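Fold the following and give me the result.
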Amino acid sequence: MGGNTPCASCKLLRRRCAKDCVFAPYFPADDPHKFAIVHKVFGASNVSKMLQELPVHQRADAVSSIVYEANARVRDPVYGCVGAISYLQTQVTELQMQLAMAQAEIFCIQMQPEQAHMPAVQHAHAAASAVGDDGKSFLLHDAFPEYLNFGSSSSGSVIHDSLKRESLFGHDMVS
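A predicted model of the protein is given here:
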């Protein structure tokens, strides 16, 4: 902060904090750990150059990003932030798959009472035209063809087909 109390960076680097210190507004003396991690990962000179190249109104956001990346690099030296992002993207993909399978299973269960009264051709047409409240189809015809076998012209129902597949695992569910 210039003069009296040196900022965290000047304190760590054991130098006098000038009035125009580029670090003082972003690395206060009461949070020395914040600058220590940034210095360890990026180096004070590199951070100083980055901050000086930016307009003053963007520096606070840049420091926030630098601190976040430095913390991520300390936790995961190889991937840093990218490792966390990749992990979260994998989780989102897995959850989307689970949701799609649950929606398909719900649809199959909802179609069970109707299957007893419909011929196979009408059943296939009704399944293909299933539309949600927003006007979009909520079936994933191409994503899970093994679970949604509505396009076939066989006289068996979807539930019957899926139960036949279970017999491959040694459990004869349907004769």
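
use CA for all of it now, contacts and neighbours both
Will do.

any low-confidence regions in this protein?
1-4, 114-175 (pLDDT under 70).

Other residues contacting stretch 52-59?
22, 51 (C-alpha atoms under 8 Å, 6 or more residues apart in numbering).

same question but for stretch 83-99, I mixed them up
Contacting residues not belonging to stretch 83-99 are listed as D76 [C-alpha under 8 Å, 6+ apart].

Swap in 10 Å and give it another go.
Applying C-alpha atoms under 10 Å, 6 or more residues apart in numbering, the contact partners of stretch 83-99 are 72-73, 76-77, 79, 81-82, 100-105, 143-144.

Now list the buried members of the residues you listed.
Listed as buried from these are 72-73, 81, 100-101, 104; burial here means 16 or more other C-alpha atoms under 10 Å.

Which two among those residues are spaced furthest apart?
R73 and A104 (40.9 Å; C-alpha to C-alpha).

re the thing from before, ok, of the contacts of stretch 83-99, which one's closest to V38?
When these are compared against V38 (criterion: C-alpha to C-alpha), the nearest one is R73, at 9.8 Å.

Helix or strand next in line after the helix or strand encompassing the closest one, which one?
Counting by DSSP states H and E, the element that carries R73 is helix 56-75. Where DSSP H and E defines the elements, the next helix or strand beyond helix 56-75 is helix 81-115.

Measure how that following helix sits relative to helix 56-75, angle-wise.
Counting by axes from the mean of the first three to the mean of the last three C-alpha atoms, to 10 degrees, helix 81-115 lies at 80 degrees to helix 56-75.

buried set for helix 81-115?
Of the residues in helix 81-115, those buried (16+ other C-alpha under 10 Å) are 81, 100-101, 104, 107-108, 111, 115.

Name the residues of stretch 38-48 that are buried.
For stretch 38-48, a neighbour-count test (16+ other C-alpha under 10 Å) marks 38-39, 41-42, 44, 47 as buried.

Which of those residues fall in strands?
Of the buried residues of stretch 38-48, none are assigned to strands by DSSP state E.

Sort out which one of those residues lies nearest S65 for me.
So of these, ranked by how close each gets to S65 (C-alpha to C-alpha), first place is V38, at 10.4 Å.

surely that closest one meets A62?
No - using C-alpha atoms under 10 Å, V38 is not in contact with A62; the gap is 12.0 Å.

Need the overlap of contacts for these two.
Common contacts of V38 and A62 (C-alpha under 10 Å, 6+ apart): 47, 68.

ok, now which ones touch the closest residue to I37 other than its chain neighbours?
In space, I37 comes closest to A70 once its chain neighbours are excluded; the distance is 6.2 Å by C-alpha to C-alpha, 6 or more residues apart in numbering. Shown in contact with A70 (C-alpha under 10 Å, 6+ apart): 34-42, 64, 76-77, 80-81.
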